[in-house]
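Peer 1: Next come a sequence and a model predicted from it.
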Amino acid sequence: MGSSLPPKEANLFKVIVKSYETKQYKKGLKAADAILKKFPEHGETLSMKGLILNCMDRKSEAYELVRRGLKNDLKSHVCWHVYGLLYRSDREYREAIKCYRNALKIDPDNIEILRDLSLLQAQMRDLSGFVETRQQLLTLKPNHRMNWIGFAVSHHLNSNGSKAIEILEAYEGTLEDDYPPENERYEHGEMLLYKISLLEECGLPDKALEEMHRKEAKIVDKLAYKEQMASMLVKLGRIEEGEKLYRSLLFMNSDNYRYFMGLQKCLGLYSERGQYTSDEVERLDALYKSLKEQYSWSSAVKRIPLDFLEGDKFWEAADFYIRPLLTKGVPSLFSDLSPLYDHPGKACILEQLFLQLEDSIKKTGCFPGRTQKEPPSTLMWILFLISQHYDRRGQHDIALAKIDEAIEHTPTAIDLYSVKGRILKHAGDLAAAAALADEARSMDLADRYLNSECVMRMLQADQVGLAEKTAVLFTKDGDQHNNLHDMQCMWYELASGESYFRQGDLGRALKMFLAVEKHYADMTEDQFDFHSYCLRKMTLRAYVSMLKFQDKLHSHEYFHKAAAGAIRCYMKLHDSPIKATTKEGDDMSNLPPSQRKKLRQKQKKAEARAKKEAEEKTEEETTSGSSKSGKRQHARPVDLDPHGQKLLQVEDPLLEATKYLKLLQNNSASSLETHILSFELNMRKQKILLAFQAVKQLLKLDENNPDCHRCLIRFFHRVSSFPAPKTDTQKLIWSVLESERRDISQLHGKSLIEVNQSFLENHKDSLMHRAAAAEMLLVLEPEKKLEAIKLIEDSTNKLAPVDGAQGPVREWKLDDCIAVHKLLETVFIDEDAASRWKARCAEYFPYSTYFGGCRSSVVSYSLNHNVQNAPENGVLAYQEAKKEETRSLNGKLHAFKDLTI
């Protein structure tokens, strides 16, 4: 390193390296310039200067210098290493690996380069290369603990657990008997627990248990030790010892559900599906009664029996569990009971229990069978619980009546307004729900959750501007919208993106969806620092768990929503491209491809220059002023495309959509939406076999789904309209489709019209299935449009089989009815049928603003203020524009004063 320089300059080169490591960049630059003054073409110095400039965000100069340095000294491992570091800083990991490999050809035993290479291989999941590099590091430095551990972990990740165990045992063989010293006991204990988990993973529980007994004194984390020991005892069938250990764990923490589950397994009373025989239920009941006496303070020991008890015993246990929580006033009680609604018959029992408690409190002020008076708030919490119960069952009239009664009882309880807003949201009145959420927020301006819920309700009501102003109340600078992006506030970005998409603003919608995608890319990058940290700190179990989580990161619900939203935006952009209206756009479209490319490069350079000037200006402004604490404020990156217009200027929207579709196919293959999007996208791209593959996947996942039926009929109808195949490729595709068609059971010996008719007969009582059959009838036989519409209009909204419910509960869902209305408007293009459907649904959903129900806030506001046309963004936005002077300081409920139930 700097060996070709005279002694004085060689010392200066060492100063450059030290300055880079200690982040004294100006000092390093000064030393580099001193060397380059005498030796202007010294490759290693040029490279190091470029590396320092890269750390100072002068990337273009950095790359230029590093490439020049490499050109002057191709046989220097320093130049190749620096080039790799530059690529690594820009997340170009594959290019960085190539540079490191070139450096290792020159200096194969360089530990720093090998270590950097191993980190990149772990990041890119090049596991075979990772194993090889870690072996080299161990060979070069066998007295370093981290090299042994890294080599073992590399084999574990490469699915060779037995080899990893051998390496850890060999490492232990190098240690002295009195190891570890006091300051390394925890790290060594973590390594032992990791080894035990490896033995268990390799199917050697006997050996793992033996190891645990031998090394118990050296394991510091006693809780993890006991949990792993109990788990292995159960696997080995040593039930009595396992039971004893789980009971001791319960004594330590009687609210841990996993310990109760383990105890049930020891007693042979555990079922994955939660289904038990009557004898097992009796034994479980006896078990939890005894545990209740022992752990009377435990919440879990009272809640778990509600999952398996039935009938009168369930009533008794639920009553015992609910009463103290109502007296105490626990707002999350309904969320706790919510899973019980999936058990047949339990919702009915809960309803009867709630109503009995309400009746008793109203008449006597006490719970049934008691003489002790309850505090006045108990009635309010019972009404709060009952309103959520009826909301869950779809009986919004009763739910609203109960919550209004609770508000009248205690007008200052914030949770009541939040729940009323939630009920109105489920009933379809999004504007009123937003206003109620804002009222709740204004009652406690320091509560971040209430603020977030209010923002979500506003976004659902398409009040995006107001939602943004409300959201930034809790950001760092008060008015910086960028803070929401910096905080990775994905729920906000997804809800904003959906709202913009509904309003047809594709640019902003795409910007929001792609922001979420960037967060996931950042999360993937964030694991990089842990590859060395976890090996150094010996948090090996957590490290392997984190890597497994990272491998499944893109299967998370938020990423799925963002990717699906981006794909829908790109498909809509393809269907309705934005035309270039300016003269510049027209000129560009007339240019040949080569000149168009040059013009686009010029535009990019101009944009980069403008961005740099804007950033310099911002930096000057921020450095001239300082924060209250006296510290300089950091300049914010300038957003040159706040409305996402540049995102819409893509040459091939379907190509962009394909990138996100591949991610969904790799990570969310079990989702119907993934394959529906794949079908729609590939049909637009004329990729027939890929579209057919999507149809097959849909049929495999759920052949009775209405969307699957649509895709099946549309695909084969489209294929039947193709001309006879001429080329060899077309003939091959045709033969594949013909052979595969025989394997689809729905098409056996039937025409598409018969398949559609059969689908209708099998699902004639379902609204969405009838709508799908009607739409396909229109596709197959356009002349039967009226008959297809009649199929939808003849659907009957039957009463749902809800036992013991107060009042009727209909089967149709609001979202389904809205989808049918949009189908009549956009696909059938029949305004009369759409208006008839809207009038019919307005009766079924009286609170729906979409259908203009008689009890919705839009109709109520229109009647009271003679408004002819309901505003698109709801009443609240309309009010603000028209009556700014009447704004209430305590929320915005004044728009809904006259709303009666």
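Peer 2: Thanks, I have it. Numbers count the residues shown, from 1 in each chain.

Peer 1: From the rest of the structure, what touches the helix or strand encompassing residue 79?
Peer 2: Using DSSP states H and E, the element containing residue 79 is helix 77-89. For helix 77-89, the surrounding residues in contact (C-beta atoms under 8 Å, 6 or more residues apart in numbering) are 1, 43-44, 47-48, 50-51, 54, 62-63, 66-67, 69-70, 73, 93, 95-100, 102-104, 106-107, 110, 112-113, 116, 120. In short, each C-beta sits where N, CA and C put it, glycine included.

Peer 1: Equivalent analysis for stretch 501-508, please.
Peer 2: 462, 464, 496-497, 500, 509, 565, 568-569, 572-573, 643-645, 647-648, 872.

Peer 1: From one end of it to the other, what's the distance?
Peer 2: 8 Å (C-alpha to C-alpha, to the nearest Å).

Peer 1: Now that stretch: buried residues?
Peer 2: 501, 505-508 (16 or more other C-beta atoms under 10 Å).

Peer 1: circling back: can you point out the buried residues in the very next helix or strand once past the helix holding residue 79?
Peer 2: Sequence order places helix 93-106 as the next helix or strand after helix 77-89, per DSSP H and E. Neighbour-count burial for helix 93-106, with 16+ other C-beta under 10 Å as criterion, is recorded at 93, 96-97, 99-100, 102-104, 106.

Peer 1: Next: stretch 563-581.
Peer 2: 563-571, 573-574.

Peer 1: Relative to residue 445, which of the buried residues of helix 93-106 is nearest.
Peer 2: Nearest to residue 445 out of the buried residues of helix 93-106 is residue 93 (C-beta to C-beta; 46.0 Å).

Peer 1: Correct me if wrong: that closest one contacts residue 124.
Peer 2: Yes: using C-beta atoms under 8 Å, residue 93 is in contact with residue 124, at 5.3 Å.

Peer 1: related to what we said a few turns ago, which of the buried residues of stretch 563-581 fall within helices?
Peer 2: 563-571, 573-574 (DSSP state H).

Peer 1: any chance of the residues you listed in TSV, with pLDDT and distance to residue 13 too?
Peer 2: TSV is the format used below for these (pLDDT from 0 to 100; distance: C-beta to C-beta, whole Å):
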residue	pLDDT	distance to residue 13
563	97	48
564	97	53
565	97	52
566	96	48
567	97	52
568	96	56
569	96	52
570	96	51
571	96	56
573	95	54
574	94	56
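
Peer 1: out of these, who's nearest residue 177?
Peer 2: Nearest to residue 177 among those, with distances taken as C-beta to C-beta, is residue 563, at 55.5 Å.

Peer 1: distance of that closest one from residue 247?
Peer 2: 47 Å (C-beta to C-beta, to the nearest Å).

Peer 1: How about the contacts made by residue 320?
Peer 2: Contacts of residue 320 (C-beta under 8 Å, 6+ apart): residue 302.

Peer 1: Grab the most central residue of this protein for me.
Peer 2: Geometric centre of the chain, nearest residue: residue 558, 2.4 Å, by C-alpha atoms, centre = their mean.

Peer 1: For the stretch 601-750 of the chain, which segments count as helices?
Peer 2: Per DSSP state H, counting those that start in this stretch, the stretch 601-750 of the chain carries helices over the ranges 653-667, 672-684, 688-702, 706-720, 728-741.

Peer 1: now the stretch 201-350 of the chain
Peer 2: For the stretch 201-350 of the chain, the helices defined by DSSP H, counting those that start in this stretch occupy 205-214, 222-235, 239-252, 257-266, 278-294, 300-303, 305-308, 311-328, 333-337, 346-364.
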